[in-house]
Structures are given as structure tokens and as C-alpha cells.
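S.K.: Mind folding the following:
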Amino acid sequence: MSFSHLIAAYDLLDDPAVRGADVVAFLRAIAPEADIEVQAVTTEIGTTDFLRVVVPGGQGKRAGGPAPTLGILGRLGGLGARPEQIGFVSDGDGALSAVTIAAKLLSMVERGDRLPGDVIVATHIDPDAPTQPHEPVPFMGSVVEQDVSNEHEVSDEMDAILSIDTTKGNRVLNHKGIAITPTIADGWILRVSESLLDVLSRTTGRAPAVMPITMQDITPYGNDVYHVNSIVQPCTATAAPVVGVAIVTESAVPGSATGATDLHDVDQAVRFALEVAKDYGRGIVSFHASDELARLQELYGSMGVLRTQGVVA
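M.R.: The predicted structure follows:
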């Protein structure tokens, strides 16, 4: 049960003064010796605190074992849009999910339930991020660019990545709860993982929903093309397989909207990520068929150019 951790994390993050140090204190109250790093990044717009939590597995790489490492990223612009908005915004669900997942994993380890593989959880903490125009509804902005977020959140240690992001500001998926994207690896949009669909059905108790992803979405921000949001932007910083976990709604809800966070939906994302972490380390879940990706690359070459800003004529 992760709901108690979720409620505590929500109360912590719904605070105009919250910073990374507060989250570290929250997590260390659960596991005093936890491997946690926080780094503040300041720009002309403001400051955000990048948080990284490493939860070692029993057979993980950090213990010299063979189990793969899963990265779980909470993507967002900010927890709040102060002073324009009062309170926690919809966009903060990614960070809320990540902090809750870290809390639950650390609690499991303290109780003796250690996962096979290492899990690295990363997000950033910013209670007063800017907003920006977007169709069909306004987006949350960020005090840092996406490449900076990737630099602090994506690691070469990660053999696969789940990227959790509020994805409510669109009209292409009219579903409430969570959905996953197809797997993206080295510029290729691959088939949806059947084993991830199995976990999605198990944790939600419903038929799985899939979030559509386009070629534009897997290119880096800053190239002046439309992106549904930043959910799969980690794929621009790694060749490892990336799957987005979208927290979605039936209607288009702005990322800057307050009162839009449904803890039951966030809990679905948390439980899904936790179950994937368990099964990925045991070899039950796979993000993609490596032989099929190799065949595509053999036939058509690398699509790694989509991870760059492209060629400007």
C-alpha cells in the first residue's frame, strides 16, 4: 500500500516554501541512510532543486549483480505557478509520483522487501514555476530547459526508463487514469510492450490505455515543432528504451490548473511503476524486443538524428 506515502508527499509538496531539502528530510525520516542527492540549479527565471534517489537492489549492478537498473523520472515544469496560481498545480503530479515511489521503495527496503535490481528515482522541486501558452490549454513552463532536466535526471546507469508526466492538456486521449506510450529507443517509436500492458491492466483493473506519440514528440524541445508535452523527452538523452506513463483526463485540463490532482490517478501511476520495478529486475517485464530493434536498424539505419536539434538549412 503506497497511499499513505502519497498523502504525506502531497501535503509536503503543496507548500509554497517547499524545497529539495524538505523532500530529503521526508525521505530520510523513512530511511536515514538512503542514497539521496539534491542539487539546486538557478537561472534568470528562478531556482529549482533536482532530486535523485538510488534504491539498491539485492542483485543490482551496485552490488555487483546482473539485474538491470530501472530509472523512474517524475517530469514537470513546476509544483506551483505562484503568484499566478495558489496551490499545487496539475503539472506537479509527476514529481508527486516520483517522491511517493521513492518513499515506498525506501520503506520496502527498511522492512526487508528489497527489489532485485537497482532503481534510480529522479525529479525536481519548484513551487513557483512560470506558465507558457500552448494549445489546446496553457502549459506550465520551467525555470530550466529540457536538456538541463535530462542532464540531471537521465543517467547512463539506467537500462530502461519510465517517465511519469501529467498529460491532461490534449484531446488525443480522452481517458481518465493513466496510460503508457509506445517504447522509444534510439529514435525509434517501437510497438507497445505487451508485458507493460499486462502490468497496466493488473494495477488499474481496466483495459490498458495507450498514449499516442508522434515523431515530433521524440525530438528535443527548442526545434520549433509541436510537442504534446515533455513526457518522452528523456529519450533525447539516451539510447535506452523509454516509456512514458501519462496521468490523463477525459477533458483537456491545463497543467497550470489547481484542484486538478486526483490522488487515485496518481496512485495508479505509483503502483504501476512499483510493479514494473519488481518485474523488470526479475526479467518478467521487457520494454522492447532488442532483436527487432536491431533488425530495424539493420534495414533502415539509426534514427539517432531525432535525438538532436537536426540540420538547419
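
S.K.: what's the distance between the nearest residue to Gly71 once chain neighbours are set aside and Arg52?
M.R.: Spatial nearest neighbour of Gly71, chain neighbours left out: Met158 (3.4 Å); criterion: C-beta to C-beta, 6 or more residues apart in numbering. All C-beta spots, glycine's among them, are computed from the backbone N, C-alpha and C. Here Met158 is placed at a distance of 11 Å from Arg52 (C-beta to C-beta, to the nearest Å).

S.K.: Which neighbours do the two have in common?
M.R.: Here Met158 and Arg52 have Ile120 as joint contacts, going by C-beta atoms under 8 Å, 6 or more residues apart in numbering.

S.K.: Pick out whichever of these two has more residues nearby.
M.R.: Legend: neighbour count by other C-beta atoms under 10 Å for Met158 and Arg52, higher for Met158 (24 against 20).

S.K.: Quick check: the more buried one touching Val119?
M.R.: No. Met158 lies out of contact with Val119 (C-beta atoms under 8 Å); the separation is 9.5 Å.

S.K.: Pull up the overlap in contacts between these two.
M.R.: Residues touching both Met158 and Val119 by C-beta under 8 Å, 6+ apart: 69-71.

S.K.: rewinding a little: wait, a helix at the residue nearest to Gly71?
M.R.: No. Applying DSSP: H, G, I helix; E, B strand; the rest coil, one finds Met158 to be coil, outside a helix.

S.K.: Let me see the confidence value for Gly311.
M.R.: Quick fix: residue 311 is Val, not Gly. At Val311, the pLDDT value in this model is 74.

S.K.: quick one on the thing from earlier: Serialize the shared contacts of Met158 and Val119 to a markdown table and add fields for secondary structure.
M.R.: Listed next are the shared contacts of Met158 and Val119 as a markdown table, based on three-state DSSP:
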| residue | secondary structure |
| --- | --- |
| Thr69 | coil |
| Leu70 | strand |
| Gly71 | strand |
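
S.K.: Buried among the residues you listed? Need that as a selection in ChimeraX.
M.R.: To isolate the buried members of the shared contacts of Met158 and Val119 in ChimeraX, using 16 or more other C-beta atoms under 10 Å:
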select :69,70,71
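
S.K.: secondary structure class for the residue nearest to Asp126 when sequence neighbours are not counted?
M.R.: Closest residue in space to Asp126, ignoring its immediate chain neighbours: Thr48 at 3.8 Å, by C-beta to C-beta, 6+ apart. Using three-state DSSP, the structure places Thr48 in strand.
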